[in-house]
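Just a sequence and a predicted model for now, questions to come.
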Amino acid sequence: MKVHLHKLRTRISYLLLSAIVSLSQISSALAESAVTDPASRTPEQNESIKLKSEIWSKRRMEAEKLLSQGRREDAAKIVEETLNERRILGLDLLSELDFLGDLYAKGGNSEKCLHYYEEMLSQRQKQCEVEEDSTLIYPLEKYAGALEKFGKRDKAGQLRKRVATIQRLQKTKPSFVAPEKLSEQTRLKEAERCRVYGANLIKADLYERAQIYLENSLKLNKNDAQTYLLLAQVYCWQDKFVKAKGLLDTAIKLNPSFSQAYRDRGYIWQNQKQYSKAIEDFEKAHILNKEDLDSLGAKAKLLDNTGKHADAIKTYSQIITENEALYWPYIQRAVAYTNLKDYEKAIADYTVLVKRAPSDSDYREFRAETEVKAGKLAEALRDYKELVHLKPGNTYFKQKLIEVEQKIKTTKEDSSSSLRN
């Protein structure tokens with residue numbers, strides 16, 4: 001998965017694939033905003049982060065409890081431990097740095113407060129590739145507020161000016177030199193600059209502004225397939241799928257081997273309920289790029305959602321054959337098996353993941369639910385007992401455990417009654 005294209009797929013998956021559990025449940029459901037490229041992580045690394053996320057969440061709740069009791073240093077130690085772990089993993093640190101900066105600001109510790117807010121701003125700046133990135137405003141304002149609190153008004157004023165500059169840039173329409181006034185070499189160079197800047201604006205969620213730069217890039221160079229694809233992303237975000245498809249058609253015409261364009265057009269065909277064409281494009285994307293298993297996943301999920309469960313299973317099996325280390329195709333294949341009421345095979349798929357990650361509650365929960373459907377109540381009982389052990393504060397798991405216990409009791413009573421009769 002290319003990070004530059006995740007906006008389009010995320011947007012369309014919200015519209016069309018609400019039932020998908022794959023990358024949203026396994027990789028993106030880490031609930032993490034990563035500094036390092038998530039696509040560069042192995043499935044095992046993603047799973048490790050997912051499990052750690054639960055620990056970090058518990059720590060944060062404990063830190064907030066300690067803070068409410070006035071135990072600032074104890075709360076700080078807990079969050080600093082999480083901060084260091086996330087720093088090693090290359091994850092976003094804004095939440096932890098903000099918590100610590102605020103904690104020390106209220107405690108009157110100017111040195112530590114300003115240290116954490118300065119780091120928060122520094123980290124965000126490293127991720128920003130456009131001047132008008134609005135995600136800079138929050139850390140700028142927090143750092144400026146802390147500087148003012150501790151009497152450093154001059155530096156605070158400089159940061160406030162940067163905030164004003166960002167806000168002004170977002171409202172100012174950029175001006176471009178007319179194409180006819182540029183030499184061919186300069187025109188192509190400026191087209192590339194606008195394309196790259198437009199792509200960075202998309203990463204910053206500044207779609208309308210990205211559209212301005214990308215449209216100008218096409219005025220300067222009508223033969224760049226990547227620019228058409230990027231502009232299609234903007235139109236998809238605006239729900240203008242017909243326009244987006246036209247741009248992707250052009251991108252494919254310019255570059256018939258452009259696998260990303262086929263995949264993204266597949267999502268648009270799906271939006272238009274042209275399912276056979278969507279599947280054709282997803283397949284083409286994978287043929288052109290064998291590493292693009294997301295396209296096969298999209299094909300399989302579409303097959304499953306349109307009632308072709310057996311075909312979906314074949315496709316998920318193909319994905320597993322090509323990369324058995326992945327987690328999400330096992331879950332999705334289990335869903336397809338469940339749709340066919342082939343519960344034994346669904347349970348087998350969930351069991352693969354339970355064995356891989358025994359401390360992860362999701363896979364065990366999915367298995368327990370399927371065991372109940374299959375009438376394997378003893379097995380479901382064991383899983384729900386383990387879930388309660390893993391998450392003792394989870395009232396839902398406790399309730400499900402009680403329900404399964406009651407079903408077992410009722411089954412035994414019915415059986416005894418039948419024997420007596």
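Good, I have the coordinates.

ok now stretch 117-137, how far from the chain's centre?
20 Å (CA atoms, centre = their mean, to the nearest Å).

Pull up the distance across that stretch, start to finish.
End-to-end distance of stretch 117-137 (CA to CA, to the nearest Å): 13 Å.

same thing with stretch 249-263?
One end of stretch 249-263 sits 12 Å from the other (CA to CA).

in it, what's buried?
Thr250, Ala251, Ile252, Leu254, Asn255, Phe258, Ser259, Gln260, Ala261, Tyr262, Arg263 (16 or more other CB atoms under 10 Å). C-beta coordinates here come from the backbone N, C-alpha and C atoms, glycine included.

which of the residues you listed lies closest to Asn200?
Gln260 (17.4 Å; CB to CB).

ok, the buried residues of stretch 249-263 vs Leu159, which is closest?
Gln260 (38.6 Å).

Domain map for the protein?
Listed domain ranges for the chain are 55-172, 183-256, 257-340, 359-413 (source: the TED database).

Save these as a markdown table, and put in mean pLDDT and distance to Ile347 too.
As requested, those are exported to a markdown table (pLDDT from 0 to 100; distance: least, CB to CB, whole Å):
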| stretch | mean pLDDT | distance to Ile347 |
| --- | --- | --- |
| domain 55-172 | 95 | 28 |
| domain 183-256 | 97 | 38 |
| domain 257-340 | 97 | 8 |
| domain 359-413 | 94 | 5 |
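
Tell me which of those sits nearest to Gln45.
Of these, the one closest to Gln45 (CB to CB) turns out to be domain 55-172, at 8.1 Å.

Thought Asp264 was touching Asp249, still the case?
No - the pair Asp249 and Asp264 fails to qualify as a contact (CB atoms under 8 Å) at a distance of 11.3 Å.

re the thing from before, mind putting the domains of the chain into a markdown table with distance to Ile49?
As requested, the domains of the chain are exported to a markdown table (distance: least, CB to CB, whole Å):
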| stretch | distance to Ile49 |
| --- | --- |
| domain 55-172 | 6 |
| domain 183-256 | 21 |
| domain 257-340 | 12 |
| domain 359-413 | 12 |
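
For Thr351, which of those is the nearest?
Nearest to Thr351, of all these, is domain 359-413, at 6.4 Å by CB to CB.

Helices along the stretch 101-250 of the chain, start to end?
For the stretch 101-250 of the chain, the helices defined by DSSP state H, counting those that start in this stretch occupy 110-127, 137-149, 153-171, 184-203, 207-220, 225-237, 241-254.

Just put the ones you listed in a markdown table and tack on distance to Lys58.
Formatted as a markdown table, those follow (distance: least, CB to CB, whole Å):
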| stretch | distance to Lys58 |
| --- | --- |
| helix 110-127 | 22 |
| helix 137-149 | 25 |
| helix 153-171 | 34 |
| helix 184-203 | 32 |
| helix 207-220 | 36 |
| helix 225-237 | 35 |
| helix 241-254 | 42 |
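
Deepest-packed of those helices, please.
helix 225-237 (a mean of 25; mean count of other CB atoms under 10 Å).

Show residues contacting that one.
Identification of contacts with helix 225-237 by CB atoms under 8 Å, 6 or more residues apart in numbering yields 4-5, 7-8, 11-12, 191, 195, 198-199, 202, 207-208, 210-211, 214-215, 217-218, 221, 241, 243-245, 247-248, 250-252, 254-255, 258, 260-261, 264, 267-268.

Check stretch 379-392 too.
With CB under 8 Å, 6+ apart as the test, stretch 379-392 has contacts from 347, 359, 361, 364-365, 367-369, 371-372, 394, 397-398, 400-401, 404-405, 408.

for that stretch, which positions count as buried?
With burial defined by 16+ other CB under 10 Å, the residues of stretch 379-392 counted as buried are Glu379, Ala380, Leu381, Asp383, Tyr384, Glu386, Leu387, Val388, Leu390, Lys391.

tell me how far that stretch is from the chain's mean position?
28 Å.

and what of stretch 390-399?
For stretch 390-399, the distance to the chain centre is 26 Å (CA atoms, centre = their mean).

and if you look at stretch 346-356?
23 Å.

buried ones in it?
Those would be Ala346, Ile347, Ala348, Asp349, Tyr350, Val352, Leu353, Val354, for stretch 346-356 by 16+ other CB under 10 Å.
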